[in-house]
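Below is the structure, and that's it, no one-letter string:
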Ligand code: CP
Ligand code: NVA
């Protein structure tokens, strides 16, 4: 039987994704009530991380601890991957010993190559193209605070990056209206005309009447050399109180973190009552536990 993988949000059917979010909320409540639930005893999750991480690594490691399993953190610097062993060979070997693998790397195609030879489920822990695990936490957070996101307006303001692409996929899977504001010549690679998504260069147009405003860093991992130039190009797209003021009165603000205060978002917004970034970060744990259960526990 083919493995269930989670490489983009489109890999899980709409109905299952919605159930996964509801299950994440249940698992969070179970954790808060100190209910011990260990469906992954004797299972091992490998984490192959070619880029830095705080939230993704910690949430997967703690999630596996809660579930009674183990993790194995593998940096390419310390494995033969860093010395040129082909990714397909690595996939065959590691998947013969562990039960699930999370990969964080630059090139999305490398994750697809890995999947083609893996005999166990593979989770995308972020590529240059998409960051689907983050969207599980974001959708869960919206659901907890304002209920179903279907039919609501989401504004993405900032870079046309992996998070922006993930919101494009999420708009299809969770049925919300998406307006994207990016600088001229920054078009998200997954954006297509005539799919109902609005693409503008004016953050006030994107933010108008929005129920959720989201941004992310202006220079992603791997773009450190462009950081100074990008600060100038992206300055008009900073999420500040003026932008928040044209949104719906119950608008919430999200950011996958880490944030650069004073760049893509002001401290006033990040620390405001509308900001739900800490709840969003914590929800990485609960949402990914629901994902692991979906991928690894039979009959779920
Ligand atoms: N949001 C997110 O993925 O954070 P990390 O890079 O710290 O994992
Ligand atoms: N767009 C950012 C997200 C970090 C979680 C990056 O890729 O670096």
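Sure thing, it's come through. Just so it is clear, the model here is predicted, and its values are computed rather than measured. Residues are numbered from 1 along each chain as shown. Ligands and ions are numbered 1, 2, ... in the order given.

Which parts of the stretch 1-150 of the chain are helices?
14-32, 55-66, 87-95, 108-117, 132-146 (DSSP state H, counting those that start in this stretch).

who in the stretch 51-200 of the chain is up against ligand 2?
By CB under 6 Å from any ligand atom, the residues of the stretch 51-200 of the chain that approach ligand 2 are 126, 131, 161-163. Placement of C-beta: from N, CA and C, glycine included.

Out of those, which comes closest to residue 12?
Among these, residue 131 lies closest to residue 12 (CB to CB), at 15.1 Å.

returning to that earlier point: what's the ChimeraX line that selects buried ones from the residues of the stretch 51-200 of the chain next to ligand 2?
A single ChimeraX command selects the buried members of these (16 or more other CB atoms under 10 Å):
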select :126,131,161,162,163
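
ok, which of the residues of the stretch 51-200 of the chain next to ligand 2 also contact ligand 1?
When contact is defined as CB under 6 Å from any ligand atom, these meet ligand 1 at residue 126.

Can you pick out the most distant pair from the residues of the stretch 51-200 of the chain next to ligand 2?
126 and 161 (10.6 Å).

can you pull out the strands in this structure?
44-49, 70-74, 100-104, 122-124, 153-157, 177-181, 198-200, 212-215, 252-255 (DSSP state E).

Now render those as a markdown table, adding mean neighbour count and mean pLDDT.
Below are the strands of the chain laid out as a markdown table (neighbours: other CB atoms under 10 Å; pLDDT from 0 to 100):
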| stretch | mean neighbour count | mean pLDDT |
| --- | --- | --- |
| strand 44-49 | 22 | 98 |
| strand 70-74 | 17 | 98 |
| strand 100-104 | 25 | 98 |
| strand 122-124 | 26 | 98 |
| strand 153-157 | 27 | 99 |
| strand 177-181 | 23 | 98 |
| strand 198-200 | 15 | 98 |
| strand 212-215 | 28 | 99 |
| strand 252-255 | 24 | 99 |
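
would TSV of the ones you listed with distance to residue 88 be doable?
Formatted as TSV, these follow (distance: least, CB to CB, whole Å):
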stretch	distance to residue 88
strand 44-49	13
strand 70-74	16
strand 100-104	13
strand 122-124	12
strand 153-157	34
strand 177-181	35
strand 198-200	37
strand 212-215	35
strand 252-255	36
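
Turn those into JSON lines, columns for distance to ligand 1.
Output for the strands of the chain, formatted as JSON lines (distance: least, CB to the nearest ligand atom, whole Å):
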{"stretch": "strand 44-49", "distance to ligand 1": "9"}
{"stretch": "strand 70-74", "distance to ligand 1": "13"}
{"stretch": "strand 100-104", "distance to ligand 1": "8"}
{"stretch": "strand 122-124", "distance to ligand 1": "11"}
{"stretch": "strand 153-157", "distance to ligand 1": "15"}
{"stretch": "strand 177-181", "distance to ligand 1": "19"}
{"stretch": "strand 198-200", "distance to ligand 1": "24"}
{"stretch": "strand 212-215", "distance to ligand 1": "12"}
{"stretch": "strand 252-255", "distance to ligand 1": "9"}
